[in-house]
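>>> Have a look; sequence and predicted model below, questions after that.
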Amino acid sequence: MTKITKELLLEKGTPKHSKLEHIKKINLSNLNLKTSDLDRVLFSQLSELEELDVSRNLLTEIPSNLGLYSLRCLNCASNDLSQVTSLSQFENLEDLNCEDNLRLTICDTYKLVYLLPNLQQFNGSNISSSRYHLWSVNNRHLKHQVNAYWDKHYKAWLSESSTPDEIRAVGNRFVKSAVTNVKYGPNYLSEFTKWRVEMIASEILTSVLQHKEKSSDSENKDDNENKDVLYTSGSSNASSGSCTEVCSDRNTWLHSAKNIAKRAQHRKAKAPQNVNEDISRDKIQSGKERQTKPTNLSKKDNIFAINKEAKSECSATSIAASEESIPRKKTKYRTSVVLEPLHYLQCHSKNNNPEDFNTQLWACAFEPELESSQIPDVWMQSSRNVAICGGDSVCIIDCETGIVHHKYKSIGDEFFSLAWTTLTMIDKNKERKLNVLAVAGQMGVVKLIHTKVNYCYGSIKAHRKSISTLCFSPKRETFLFTASYDHTIILWDIGVPDLDYRFQASRLLVLKSGSTPFKMSLVPPCPDHYLVAACEKGCFAWDITATKPTGKRNVEMEFLFPIYNKEDENNYHIIDTLVFCSDDLIASKSSMQGSIYLWSWNKTLQKRKKQNTKVHAEILREFEWSNTDQLYIALAVCPAENYLLCGDEKGDVWMYKFDETSAEYLTSGKKTSPTQIVKWPTIEAKGEIVEGTLINVAITDTEFKYLVAATDKNIIVIWKRI
């Protein structure tokens, strides 16, 4: 252990000088320093210090009142920090590194941005460009809730005759109650939310007391003045910062749909018809690719705009209420989900080029909540962070703020698929959970990323050809299925990394598909027994039980659909997507089918005859959908609210409620209209309309707070439910 003395500070400091007040930079890293070693008397003499490195020590916190008023850059990485509020003493801090402090959470990150108004770089990532927007979303909403809570529950307790002591008594009860009862944001931010609520509530109390003092000096002021003061107090700290996370790329382009120009009342341009006319069989075999028309946008400025006159039109549009919708019969579902466009993002650009509207975004999935002990799947609670891959990048985005937390690039690759799992590490005899994101694509290599620290800790050369889709087992957290254009599906055990991120992956099983698998899913009631996949030559299932011999296995079952009977020049055997809607219900669709089948797994298996590999799917309902010939448009499900979702070639999202399956639908033979369609918002760039584009995938979080769409034009649209 090293004792800090004046001589040590002069030795480690630059420029070399005999007096501490002339030192500009000091490196005290890797000295086994403890918090008690940071002497306030000595450090207060460093009046001109601008850069301090105390990384790789044993600090549990940074002592308060160090007197480093000129400090601009602080590196306290690889310590044991447990709180960050003492860093508020460094008001001029612009660059901060707190990486590898395992006791710090994302809540501490949010706190830092509020506490440090001049912070621009955090853990090596630029956050300055997102500060204003983040303040306008998170802070404004939270302050509105706290003010509303005051108005509803406590304001009436006071009158003009209330004394300051009475105001303080009521105010203290209000602060405690607000911290307990005001809720905002996801569970993993609850600590930060309570911290901010206490600050906002205290500001309101202070404002009321100040108003009381002023009113005692001027008794003739209008009664409404008090109300005005109470309201504005909730937003008086707009200069103190904003809560944000890390954006690991300076050139990530963020566009708020709420704070920029609003959309026009009527759509001025129709979506392009069949942008991609032909999908050749060669492209199916070689990898995902579509030919897209070059956009006619002005490329000098890629700021998207949405016009104000028809803001409500940006919300989810019910079929029955929309004149623009395809004519349909009246749906039996009358309740629409109201969605408001929140963000438009262009963050997967090749070489960070803002003119890139050609990168195709292929897959997205919400990050699971770490508090859960289960493996992430469609039934598990998710956070508001969503991972989206396309081109050579994968981005982790906060749906509420629009902030890109992390961005990982693999130059020369193109990512087609991703999947989350939650692994359990053993750290000092204690369990520690971490979310790991697997991404893969054109190179046939699976990348394993610990997203919290934005670190790709491993690669698995899984296939010789491109990987089309990934799937983790919902029961075994380390079991990963990879499907490839080499016509195989392989089960891997990716293992659990140690503290140095060393891991051992092993291949357990090979399934022969006979064609390219596009989507796959394990059967929820028996994830260790059956795997189902939508493939280029049909829909198949494999027996994956561990009791059978390992090695290569053939198809166990092929499912047949009514659309096969109509096969002419169209190849309806191309099943390009499927998803389990519940333990029993499966949704799937064929190329150019113009509809989506909802069928029963259990009833289909009951119809199967022994030793017969072909079985007719038991169709429960047929949903009307687009007549497009585009492939790879994925289905998604929100099981908590029984919604099935699918994008289309025009930029719209079709939503179907599947909570009821009546005899009427089973016997009528008619297609069921969608419950509603979320219309593509009119996005403008430099006065030019960004026309509706093909949506490859549209998903929701498990609670349906957000809807995220990934498109063929390098545009991400995030809606929020209101």
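Looks like it came in fine. Residues are numbered from 1 along each chain as shown.
>>> what's residue 149 in contact with, if anything?
174, 177, 178, 181, 182 (Cβ atoms under 8 Å, 6 or more residues apart in numbering). All C-beta spots, glycine's among them, are computed from the backbone N, C-alpha and C.
>>> nope, residue 482 is what I meant
With contacts taken as Cβ under 8 Å, 6+ apart, residue 482 has the following neighbours: 440, 446, 462, 463, 467, 470, 489, 490, 492.
>>> Most neighbours out of these, which is it?
Scoring these on neighbours with other Cβ atoms under 10 Å, the highest-scoring entry is residue 440 at 32 neighbours.
>>> Quick check: beta-bridge partners of that residue?
Beta-bridge pairing of residue 440, defined through DSSP bridges, involves residue 417.
>>> ditto for the one 10 residues further on
When bridges are assigned using DSSP bridges, the partners listed for residue 450 are residue 436, residue 455.
>>> just checking, it touches residue 432?
No. Residue 450 is beyond contact range of residue 432, at 11.6 Å (criterion: Cβ atoms under 8 Å).
>>> Mind giving me the packing neighbours of the helix or strand residue 110 falls within?
In this structure, residue 110 sits in helix 106-115 according to DSSP states H and E. With contacts taken as 3 or more Cβ pairs under 8 Å, 6 or more residues apart in numbering; DSSP states H and E, helix 106-115 sits against strand 121-122, helix 190-217.
>>> List the buried residues for it?
Of the residues in helix 106-115, those buried by neighbour count under the rule 16 or more other Cβ atoms under 10 Å are 106, 107, 108, 109, 110, 111, 112, 113, 114, 115.
>>> Identify those among the contacts of residue 149 that sit within helices.
Using DSSP state H, the subset of these located in helices is 174, 177, 178, 181.
>>> In terms of pLDDT, where does the first one sit?
The per-residue pLDDT reported for residue 174 equals 91.
>>> And the one 5 residues further on, by the same measure?
According to the model's per-residue confidence, residue 179 sits at a pLDDT of 90.
>>> What of residue 429?
According to the model, residue 429 scores 73 on pLDDT.
>>> and it, how many neighbours?
By other Cβ under 10 Å, the residues close to residue 429 number 5.
>>> State the distance from it to residue 720.
42 Å (Cβ to Cβ, to the nearest Å).
>>> Tell me which helix or strand in this protein has the weakest average pLDDT.
None of the helices or strands of the chain scores lower by mean pLDDT, DSSP states H and E than strand 316-318, at a mean of 29.
>>> Name the strands paired with the very next helix or strand once past that strand and say parallel or antiparallel.
If you walk from strand 316-318 toward the C-terminus, the next helix or strand you reach (DSSP H and E) is strand 339-346. Partners of strand 339-346 in the sheet, by DSSP bridges, are strand 253-256 (antiparallel), strand 716-721 (antiparallel).
>>> circling back to that earlier point, show me which of residue 450 and residue 432 is the more surrounded one.
Legend: neighbour count by other Cβ under 10 Å for residue 450 and residue 432, higher for residue 450 (18 against 13).
>>> residues contacting that one?
Under the contact definition (Cβ under 8 Å, 6+ apart), the residues listed for residue 450 are 434, 435, 436, 457, 497, 501.
>>> and if you look at residue 613?
Applying Cβ under 8 Å, 6+ apart, one finds that residue 613 lies in contact with 555, 556, 557, 558.
>>> Then residue 145?
Taking Cβ under 8 Å, 6+ apart, we find residue 145 in contact with 182, 184.
>>> hang on, it in a strand?
No. Counting by DSSP: H, G, I helix; E, B strand; the rest coil, one finds residue 145 to be helix, located in no strand.
>>> Is residue 366 bridged to anything, and to what?
On the basis of DSSP bridges, residue 366 is bridged to residue 386.
>>> What is the neighbour count of it?
Residue 366 has 23 neighbouring residues, counting by other Cβ under 10 Å.
>>> now the helices for this protein?
With DSSP H applied, the chain shows helices at 6-12, 40-43, 106-115, 131-134, 140-153, 164-181, 190-217, 224-233, 281-286, 601-607, 663-668, listed in chain order.
>>> Out of those helices, which is the most enclosed?
When the helices of the chain are scored by mean count of other Cβ atoms under 10 Å, the highest mean neighbour count falls to helix 106-115 (a mean of 22).
>>> Cross-check the contact I'm expecting between residue 183 and residue 189.
No. With contact defined as Cβ under 8 Å, residue 183 does not reach residue 189; the gap is 10.5 Å.
>>> Which one of these two is surrounded by more residues?
Neighbours around residue 183 and residue 189, counted as other Cβ under 10 Å, are more numerous at residue 189. The numbers are 22 against 11.
>>> correct me, but the more buried one touches residue 111?
No. In this structure residue 189 lies outside contact range of residue 111 using Cβ under 8 Å: 10.6 Å.
>>> State the distance spanning the first to the last residue of stretch 628-646.
Using Cα to Cα, to the nearest Å, one end of stretch 628-646 lies 12 Å from the other.
>>> For residue 444, the count of nearby residues, please.
Residues near residue 444, counting by other Cβ under 10 Å: 20.
>>> so who does it touch?
Contact criterion Cβ under 8 Å, 6+ apart gives 461, 462, 463, 464, 465, 466, 467, 484 as the residues in contact with residue 444.
>>> so what's the fifth one up against?
Residues near residue 465 by Cβ under 8 Å, 6+ apart: 287, 444, 484, 485, 486.
>>> Isn't the third one up against residue 461?
Spelled out, that is residue 484. No. In this structure, residue 484 is not within contact of residue 461 by Cβ under 8 Å, at 11.5 Å.
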